[in-house]
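A.B. asks: predicted model follows, preceded by the sequence.
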Amino acid sequence: MMVRKKNRWLTYALLTLLVVVVLFPIVWVVSTSFRRDEAAFSPKLFSSRLTLQHYKDLVVPEKNLPVLIQEMQNLVSRVEPFDNVSREKADRLIEDRIRRFENYLAETKNLLEDVNARNSKIEETLSQRFSDVLSYTKDVLEEAKKLTQEQMDKTPLPDSQRIAVALYEILKGKNFRSAEFQALKDVIEKVVGYSVENQDTLNDALSELGLVYEKEVGTFMKEIEKLEGEIETLQREIAVLEKQKETLEKEILEKQKVLEVLKPDIDSVSEVLVKLKDMVHSVRNSKVETAFPYEDSKLKSSLEKLLSELNTLYNKISAFSDLSDLSEKIFAMKSSLEEINNVVSEDGDISKKALYGSFVQSFEETVPIVEGIVEKVSDGIDDFVQKIKDLKDIENEIVVLTAKLDGLEKSLNNVRSSLSEKEKEISSAKMYLDLKIFNHQIQSRIDSLEDMKSFNSAAQMKLLSIYKTLKDFVSSYVSEYGGDDFIGKIRKLAAKLSWIEDYRDLNRRVETGYKNAVEIVEKAQNILDDFKGSYSNLLDLSFKGLYVSSEHLEMLYDLVKMNFVQEVLTNTAVASRKAGTLMDTIPLKELKSDLKKIDGDLYRLAQIWEQKTKHYFLRWVMNSVIVAGLVSLITTAVCALAAYPFSRMRFWGRQYGIMALLLIQMFPAIMYMVAIYGLLKLIGQFLPFLGLDSLGGLIFAYLGNIAYNMYLIKGFYDTIPSSLEEAAMIDGATRFQTFYKIVVPLALPILTVIVILTFIGTFNEFVLARIILQDVKNYTYALGLWTFSTGAYETEWGLFTAAALLGMTPMVILFLSLQKYIVGGLTKGSVKG
Amino acid sequence: MKGLLKIFLILFLAVFNAGMVWAGIFLFQNSYYELGIVLLTLLVLIDYFIFNPKAYPYRYTIPALILLFVLVLYPIYFTVKVAFTNYGTGHLMTKQEAIERILFDPNYTYVPENAEPVEYMVFSVFDGLNPTEDFVVLFEKDGNIYIAERPVVAKRSGKEVLLRESTLFPVKDGTAEVNGKVYEIVPWPASIKEVNAVYSDGKIYKPLYSPEEVSLKRYEPFFKVNVVQKYLNRAEFWLEDQSYMFRIGENGEWNFYPVKRLYSLSFEESLENGRITTKLVVKNNLTGRHLVEREGAFYDYDENGREFFVIGYMEYIGFKNFSRIFTDPKIAGPFFKVFTWTFTWAALSVLFTFAIGLSLALVLNDKTLKGKNVYRTLLIIPWAVPAFISVLVWRNGMFNETYGILNRFVLPFLGLDPVKWFNDPFWAKVAVLTVNTWLGFPYMMAVSLGALQSIPEELYEAAAIDGAGKWRRFWTITFPLLMTTVAPLLVGSFAFNFNNFVNIYLLTGGGPAMAGTTTPVGHTDILISYVYKLAFEGGRGQDFGFASAISIIIFFLVGGISFVNFKLSGAFEEVSE
């Protein structure tokens, strides 16, 4: 074995670090369970405002005022749980509650007096030791001044151009008396080269600076404005064009519709023309001639005219591919006419045919119709063509304008980026100047401290404004220049002065709260006295069967639930928080204990008067213990019995039985729940104690965990030599007797482990419990804890962690004491006694 | 003594058998077929075990067997059966029950137009000043007065009362005979409002409530809670052929209105394959239309002729639940994502916990390390703390996006931005794995420690003498020997994490929800939490059928893995001695 000494320290260190990281959540649970403040909102990881209240609420909840009032009301009205008490008992109970109530009132008075006294004491001490307060403040301010000076020294002096611009930006609009000017007087004098002693010279200086500003920055701004204006105009123009385009599009669609409507007419005319064409063919082929040839010159000229019109129309239409079917129709008409024309003009003899006359007549009847159609279509097409051209024009214009817009926007971006670069350059100058101003401000504040003599209201206001100065500087610095080391330190210094704000708030709240509370306590006492006189009569009536309720109690209830909450508790809650913060920030450290006491008193006050939700924590734990206990005992017994034959006897299914069971139990238990829910519902109709929402039902549902336990127990049985049982059987014992007299006692180690493991497992189970249990009183511990964290309101961390700690500590201890057995069992399937 | 015991046992068995048979029949009658079959099978087995001398070994298993059958086999059988149906919200009853429901449930009735409410007054026996639930109802219609007793249960569905009934009898000359009892109205003649009392059988019924009666207003709460909700709400009062029910009218008042059933059975004839077949259908009495049966539900038509859902029932849909996984794109996508993540999650969990656990075990295995027991006990604590507490603490205290310790203190301390632990899919997975590692490494550490200690020292010494370095020794000696003991446990841990519902569900609830799916799926859902959400938390209704189908798939996966594990670790060998 090699000797490894040198790595030791590292190993220990790493291990300790690991333990700290791993156990951190546990530590957090413990520490949060003791916190008085709202852990969720507190800026501190661990708090010094500690209390045991959460544990008390869970384990020994106290009956505070709202509860007492409710109980008295229930007694008077004979409502559950007091609906069956006897008259004497009712009397006694009411007297008891009244007494407790008066005790609480007395306690409240004491608390109020104590808080008030301490508050006054704090004020007095601050007044007496005001000089210490002043020197504290002065130290802080000096420190701030020093830091600022250092920071200024670190910043290189910017060149005069930049300074001029920055100066202009800061001082523009400020007058001679302003603090900013006073601070920067020497700088501005250095830049302009002459002294500035009055408003006029200041204005001159400013205008000079203004020129520089214009040159550096102003031009950019103007350019930006101009560009933005142009862009706006362009955008408006484009919008107008877009609108025109829309209208045009609508019109085009309308036109298309109109043309569509004409189609059927064209079709019928087309048909007629086809018939005419056929007619002319048959005329030509006919044999009968007439003596009087028909006059057809008019016909021929109409034909020609029509043809030319149709041709023009056809040419117009065929240019548009959307109108292709229309142009086809026109083409069809045209070809029919052309054919007719051909026949009529080539065949000179046709005019001699007898039927020619009727043909000509029919044709002449058709002509006006065709002309009409052609005209309509032609008009439509012309319109259509025009609109399409207009649309194209507008679109082109839009494209041109958009391109122009893009160009403008690019220029704008360029200008903007140049401007921001410029501003970056300026900002370092600005920072220098801001620091100088701040420095000046601090100095004037330090000077003003000299004037403060006593801790009166005016002095407090001054201290407050000093704090605000620092705070405002920090926030404006950060928003302009971002965060850095320097401002971080200033922020910490500012925080040191924040106490004055908190203190004033505390003072005000305590005074208001105290005044209101004293009034309310007085009123409560009066009402209670009245009630003392009247409750006897009320009880009489109630016991005769009437439903009565006490008006006095209702008034008391209002007092407690509304008036006290609104007028006192709102104030004391804030005061409590402020007291907590002040414990760390107040300059006079000996006041810390007073503040702590105030915090504690006010907290106790709230506990007395505030209505709390009822918790059934102890009940839950008891439920869990019962359920887990019974389940573990029953399961172990059943499994111990069932595992025996697998170890000792031969039968079918012995070899693979347990494995098969283990495999079967791999079925996701979640899905059991639907079936088990139905099963429990059914059983519950006949045996309510085994149904849904009952502990019996839950116990029954948990008993299904057989396979794994059987496997472990059987493994253990295998290590017990069977010679003992054989000897016993030779002596006359039955198999079963050897089982429970010999094997079971020897197997106690594994059985105990299984009982405890099952107990722990059942105690922590919550999925099945959630489905089966409904009434909050029946919940198990695991389920109850889960509802704490997912309830209707934000988690009450204090209660939750306290409940978690209370429940898990026994389990953890139990587990840790058994870890050897558990691990052994898992690796070998058997445990050596 | 022994003989007495035997007689007692036989009697007990007889009673037991009779009870089980009766229970089985009862279950069959109430359509709990699966449970009935399970019980009867169990009975047969138990009887066989007890009466057959060769079945002696099995007798020991009887209590376990009972529990096994009822709590394990029955649910599995039930789940498998359900996987082939559409059991879920809207499809919870059998078809028979559904039809019965719409025919007889008072909800499916309508008040004909222009129906007038009937004047009524309820009379009850008073105990001193307080009314009781022994009441009678007086109606006044068309100048006649009728009396009805408290309605009795006419139709049940299990424990739920579907319907109560009562008949109205006319009052003549101030008396009426109802179910053999004589009721006397005082005074007579009178209209309802003038009646002072009703006498019967020595009991006096005094006025309790009537809508118009101001003097009786103070009994309204009692009337509402003890009379209406318990008896009148689902009750039909029959007067000759017309039934009256307690309904809320247009004026907002509760009154008795004549009602008619909305649905009734009817026949439909159709021509199929040249034969006339008649089919039973359900008809809407108002419109005369037949209800459409489709996909496990009945649909009716509303005034606009559109279909709307009336009632659903459970029916067999074969392998549709299984094929849905592959064919429905909105389900297939998320399903496979969940599937892959489940495997990833289990594998990574085992990997991380084992890596950390083993490293710690190696460090702590050193006998010369001071305080090693202390370290070991402290490091085991995460395993000892109940898992659900730990997970809740991690969720609320550590990972909470606004107030959690990590986002508020730790990350800013390290100069990092707060992380959206629960709203970013990647970080949610990180969170879940972190917590699982925290919870699981102590187990691996303990197991590795135990296994390491069983490796003999001589092996190391021999290797050192032969010149093997630390790493070499580890990989060639420690690791292989470790694996023989630990490998089954690793596979076991994989199976456990595969189905580790608690950690995932409590921490993220399945994680940020996946967009664009019809089922409640999240990015950190594993198969088992997906199943749970489907079965119990479906926002658009719970789909037990589909959930059951997926459970079966999970079962085969996990069972398969475990089976392989058993085989490899030679566990089967151990049993056969």
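C.D. replies: Structure received.

A.B. asks: are we agreed that residue B:280 is in a strand?
C.D. replies: Yes: counting by DSSP: H, G, I helix; E, B strand; the rest coil, residue B:280 is located in a strand.

A.B. asks: okay, and for chain B, where does confidence drop off?
C.D. replies: Scanning chain B for pLDDT under 70 picks out B:1, B:128, B:157-159, B:270-274, B:538-541, B:569-577.

A.B. asks: which residues touch residue B:43?
C.D. replies: By C-beta atoms under 8 Å, 6 or more residues apart in numbering or on different chains, the contact set of residue B:43 is B:17, B:20, B:21, B:24. All C-beta atoms are positioned from the backbone trio N, CA, C, and that covers glycine.

A.B. asks: that one should be in a helix, yeah?
C.D. replies: Yes: assessed with three-state DSSP, residue B:43 lies in a helix.

A.B. asks: where's residue A:268 relative to chain B, distance?
C.D. replies: Residue A:268 is 39 Å from chain B, where distance means C-beta to the nearest C-beta, to the nearest Å.

A.B. asks: export the contacts of residue B:43 as CSV, with columns for secondary structure and neighbour count.
C.D. replies: Below are these laid out as CSV (DSSP: H, G, I helix; E, B strand; the rest coil; neighbours: other C-beta atoms under 10 Å in any protein chain shown):
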residue, secondary structure, neighbour count
B:17, helix, 13
B:20, helix, 17
B:21, helix, 13
B:24, helix, 20
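
A.B. asks: closest one of those to residue B:526?
C.D. replies: Set against residue B:526, the nearest of these by C-beta to C-beta is residue B:24 (38.5 Å).

A.B. asks: looking at chain B, which helix is longest?
C.D. replies: The longest helix of chain B (DSSP state H) is helix B:329-364.

A.B. asks: near chain A at all, it?
C.D. replies: Yes: on the criterion C-beta under 8 Å from any C-beta of the partner chain, helix B:329-364 is in touch with chain A at B:360, B:363.

A.B. asks: in that helix, what counts as buried?
C.D. replies: For helix B:329-364, the neighbour count (16 or more other C-beta atoms under 10 Å in any protein chain shown) marks B:331, B:334-335, B:337-339, B:341-342, B:345-346, B:348-350, B:352-354, B:356-358, B:360-364 as buried.

A.B. asks: is residue A:182 in contact with residue A:440, as I believe?
C.D. replies: Yes: when contacts are counted by C-beta atoms under 8 Å, residue A:182 is listed as touching residue A:440 (6.6 Å).

A.B. asks: who's more crowded, the two?
C.D. replies: residue A:440 (18 against 15; other C-beta atoms under 10 Å in any protein chain shown).

A.B. asks: need the contact list for the closest residue in space to residue B:391 that isn't next to it in sequence.
C.D. replies: Nearest non-adjacent residue to residue B:391, counting by C-beta to C-beta, 6 or more residues apart in numbering or on different chains: residue B:506, 4.3 Å away. The contact partners of residue B:506, taken as C-beta under 8 Å, 6+ apart, are A:786, B:388, B:391, B:392, B:395.

A.B. asks: helix or strand right after the helix or strand where the fourth one lies?
C.D. replies: Using DSSP states H and E, residue B:392 sits within helix B:387-393. As assigned by DSSP H and E, the chain's next helix or strand after helix B:387-393 is helix B:405.

A.B. asks: residue 523 - how many residues pack around it?
C.D. replies: Since no chain was named, I'll use chain A. Neighbours of residue A:523 (other C-beta under 10 Å): 15.

A.B. asks: to clarify, I was referring to chain B.
C.D. replies: Using other C-beta under 10 Å, residue B:523 has 20 neighbouring residues.

A.B. asks: likewise for residue A:666?
C.D. replies: Residue A:666 has 21 neighbours, counted by other C-beta under 10 Å.

A.B. asks: perfect, that will be all.
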